[in-house]
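Q: Attaching a predicted model along with its sequence, questions to come.
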Amino acid sequence: MAIRYYDSAMVDKIKAWVKDPNMTILSPSDSTRLFQMRVDQLDDKPLKLPIIAISRDSDIEIINTRKQALSYDAGHITTDQDDHNKSTKEVSKILNAIPIQLTYQLDIYTKYFAEADEYVRNFIFNFINYPRISIEIPYNNAKVLHNSTVLVESTITDSSDIPERLIAGQFTRMTIRLTIDDAYLFSVPFMENWNIETGKFGIATGIIDPSTNKEKVDIEDINRGE
């Protein structure tokens, strides 16, 4: 459904900001498996801190069910170099999209509150200063970049009192909610182009011949489109 491209872009964006080599960053697909990871990979031992778990709400809002055309460069995409898979005079590669909204959650697990507090401060400033997130649309080898904006929701939650005891002993969990309200589901179909054939046309002019008192028709050729 193409949601995975936004997931990957979000993970890459956060990884680029984190410089701590001991920090474990879990993608949305990994975050849903925290309990299973603890059993399978750690022999049911406690998870090691610090951890950033990125999750995405299971509900995805379709903002408008009407398809939108986003390819405005003469109605087609011409970015790829594959001669067998690009727009031509006969067919055009079209970028269609349906707008959706995605909501993410960042759970920051640290041993001490001060450490989590610093991560929250840095993430808030980074998302506000650098909100752009980019994905590459791969369908039909389009390789088109699309930019969206990450919005920080107004509430930051100290959720250290969660009932799940994934981590032994004292720890802090801070939660940040993020929204991408200009995301899309993309489709890149090929469409046949319609052409108007051009050729020679004539203009008929009626003139009265005084010698015969009859109408004489004179045709003037005009080359249309030439």
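A: Right, received. Where do you want to start?

Q: ok, how many other residues are close to Ser55?
A: Counted with other CB atoms under 10 Å, residues neighbouring Ser55 total 20. Bear in mind the C-beta positions are built from the backbone N, C-alpha and C, glycine included.

Q: again with the one 3 residues further on
A: For Ser58, the count of nearby residues is 7 (other CB under 10 Å).

Q: and it, which of the three is it?
A: Following DSSP: H, G, I helix; E, B strand; the rest coil, Ser58 is assigned to coil.

Q: Just name whatever secondary elements the longest helix along the chain is in contact with.
A: In the chain, assigned by DSSP state H, the helix with the most residues is helix 113-129. Judged by 3 or more CB pairs under 8 Å, 6 or more residues apart in numbering; DSSP states H and E, helix 113-129 is in contact with helix 3-17, strand 96-110, strand 151-158, strand 172-187.

Q: Quick check: which of these is nearest to Leu49?
A: Leu49 lies closest to strand 96-110 among the helices and strands packed on helix 113-129, at 5.6 Å (CB to CB).

Q: Any chance of the helices and strands packed on helix 113-129 in JSON lines with mean neighbour count as columns?
A: JSON lines is the format used below for the helices and strands packed on helix 113-129 (neighbours: other CB atoms under 10 Å):
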{"stretch": "helix 3-17", "mean neighbour count": "16"}
{"stretch": "strand 96-110", "mean neighbour count": "20"}
{"stretch": "strand 151-158", "mean neighbour count": "13"}
{"stretch": "strand 172-187", "mean neighbour count": "19"}
